[in-house]
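>>> What shape does this take:
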Amino acid sequence: MDGPISVREATLADLDRILDVHAKARTAYYRAGGLALEAAPSPETERDRRTGWTSAIRGPDQRAVCAVADGDFVGIAAMGPPLSPEVDAGTAGQLYQIHVRPDSWGRGVGGILHASFVRCLEDAALPAGLLEVWERNTRARAFYARNGWRPDGGFRPGPDDANYICLRLESAALLPSREHAAT
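Prediction:
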């Protein structure tokens with residue numbers, strides 16, 4: 001990957017490439033977290049993954065984007081309203097997932113996809129972002145911490161007695177506002 005990275009809206013024609021990036025990234029982060037591949041949570045069936053990504057692409061309240069370099073998919077992200085019915089959708093948006101192809105780690109792809117999510121929050125005038133990350137995914141946890149995300153105290157059980165930790169991004173940690181960028 002030598003060319004610039006661009007982000008564009010995902011389309012239904014992208015599903016196979018999206019599922020490929022998703023599978024490669026998921027396998028890599030569970031392995032890096034010390035989980036034997038056979039002990040990793042069984043991935044949803046291809047049909048279920050396809051359905052989830054189709055919803056993110058088509059859903060009126062959701063958004064799916066692809067990071068592309070040299071015509072190749074290097075990352076994907078999905079976002080939308082909070083998954084928990086206990087969270088007011090007028091107060092936060094949720095980053096459902098960012099996946100970067102492992103051979104593109106460290107090249108800024110995640111940062112570009114993250115900035116796309118932050119722009120969605122700003123465009124919707126939402127003061128906060130939510131996400132979950134597997135506690136053993138130290139690479140992702142460090143990435144989110146560098147981008148201002150902090151644990152909010154919530155969690156849910158994950159594989160191998162390692163939880164998924166709930167993180168929150170407050171408006172003060174978002175990208176500089178357009179108003180400040182103009183000065």
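
>>> Can you tell me the SS state at the nearest residue in space to residue 50 that is not next to it in sequence?
Of all residues not flanking residue 50 in the chain, residue 15 sits nearest, at 6.1 Å (CB to CB, 6 or more residues apart in numbering). For glycine as for every other residue, the C-beta is placed from the backbone atoms N, C-alpha and C. Put simply, residue 15 is helix when judged by DSSP: H, G, I helix; E, B strand; the rest coil.

>>> list the contacts for residue 15?
50, 53, 54, 57 (CB atoms under 8 Å, 6 or more residues apart in numbering).

>>> Could you check how far the third one is from residue 29?
Using CB to CB, to the nearest Å, one gets 23 Å for the distance from residue 54 to residue 29.

>>> So which of the two has more stuff around it?
residue 29 (20 against 15; other CB atoms under 10 Å).

>>> so the more buried one sits right up against residue 143, yeah?
No: counting by CB atoms under 8 Å, residue 29 does not reach residue 143; the two are 11.1 Å apart.

>>> What is the least confident helix or strand in this protein?
Least confident helix or strand, the chain: helix 178-181 with a mean of 40, by mean pLDDT, DSSP states H and E.

>>> show me where the protein has strands.
Ranges of strands within the chain are 5-9, 63-69, 72-80, 93-100, 128-134, 150-156, 164-170, based on DSSP state E.

>>> Listing partners with orientation, what would you give for the fifth one?
Right, the one you point to is strand 128-134. Take DSSP bridges as the rule and strand 128-134 pairs in its sheet with strand 93-100 (parallel), strand 164-170 (antiparallel).

>>> what distance separates it from the middle of the whole chain?
Taking CA atoms, centre = their mean, to the nearest Å, one finds the center of strand 128-134 at 9 Å from the center of the full chain.

>>> Okay, buried residues for stretch 57-74 please.
Within stretch 57-74, the residues that qualify as buried are 57, 62, 63, 64, 65, 66, 67, 68, 69, 73, 74, counting by 16 or more other CB atoms under 10 Å.

>>> next one: stretch 135-155
Those would be 135, 136, 137, 139, 140, 141, 143, 144, 147, 148, 149, for stretch 135-155 by 16+ other CB under 10 Å.

>>> ok, residues contacting it?
So stretch 135-155 is contacted by 29, 32-35, 98, 105, 110-111, 114, 129-131, 133-134, 158, 160, 162-170, 172-174 (CB under 8 Å, 6+ apart).

>>> Only C-alpha atoms, please: export that stretch in CSV.
Extracted C-alpha coordinates of stretch 135-155, given in CSV (Å, rounded to 0.1, in the frame of the first residue of the first chain):
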residue,chain,number,x,y,z
GLU,A,135,-10.0,-6.3,27.0
ARG,A,136,-7.1,-8.4,25.6
ASN,A,137,-7.1,-6.5,22.3
THR,A,138,-4.3,-4.3,23.7
ARG,A,139,-3.6,-2.8,20.2
ALA,A,140,-7.1,-1.5,19.9
ARG,A,141,-7.3,-0.3,23.5
ALA,A,142,-4.1,1.7,23.0
PHE,A,143,-5.5,3.2,19.8
TYR,A,144,-8.8,4.2,21.4
ALA,A,145,-7.0,5.7,24.4
ARG,A,146,-4.8,7.8,22.1
ASN,A,147,-8.0,9.0,20.5
GLY,A,148,-9.6,10.1,23.8
TRP,A,149,-11.8,7.1,24.6
ARG,A,150,-12.1,6.2,28.3
PRO,A,151,-13.7,3.2,30.1
ASP,A,152,-17.2,4.1,31.3
GLY,A,153,-17.4,1.2,33.8
GLY,A,154,-19.6,-1.0,31.7
PHE,A,155,-18.6,-4.4,30.3
